[in-house]
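Visitor: Structure for this input, please:
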Amino acid sequence: MIGMKPLLKTFSALADETRMAIVEQLMDHGELAAGDLVRGASISAPAISRHLKVLREAGLIDQRAKGTKRYYSARPESLRLIADWTQSRRAFWESSLDRLEAALLDDVENGDS
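Guide: Modelled structure (predicted):
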């Protein structure tokens, strides 16, 4: 079973629209400089820095320095945590959808639609 604490921190960090957009951007484009992330956002550089800090502390992104620039990249192993959790709950979702389908078909057959 997947530990809940890292998963909660991951979901908490991604619950913010700006942070989710940053992670998506890094997943789509690979490593980016902080300045590139700021240019693509409608918020200030200090606000982006705060969001990047939350994402780093949640383990979702890595940071590396090169001279005065900071570069960020998504951490696939951390994002894999979400996929693993989702897959571990697959049986629940499939059985729930199967029950819904059966109930809907029953309603249609009995003229309750």
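
Visitor: C-alpha only now, for contacts and for neighbours.
Guide: Noted.

Visitor: Out of the helices and strands in this structure, which is least certain?
Guide: Among the helical and strand segments of the chain, the one scoring lowest on mean pLDDT, DSSP states H and E is helix 90-109, with a mean of 80.

Visitor: other SSEs contacting that one?
Guide: In terms of contacts (3 or more CA pairs under 8 Å, 6 or more residues apart in numbering; DSSP states H and E), helix 90-109 is not packed against any helix or strand.

Visitor: Just the buried residues of it, please?
Guide: For helix 90-109, a neighbour-count test (16 or more other CA atoms under 10 Å) marks nothing as buried.

Visitor: do the same with stretch 59-67
Guide: Within stretch 59-67, the residues that count as buried by 16+ other CA under 10 Å are 59-61, 63.

Visitor: same thing with stretch 6-17?
Guide: 7, 9-10, 13-14.

Visitor: Please apply the same query to stretch 72-83.
Guide: 72-75, 78-79, 81-82.

Visitor: okay if I get these as TSV plus distance to residue 103?
Guide: Shown next, in TSV, are the buried residues of stretch 72-83 (distance: CA to CA, whole Å):
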residue	distance to residue 103
72	48
73	45
74	42
75	42
78	38
79	35
81	33
82	30
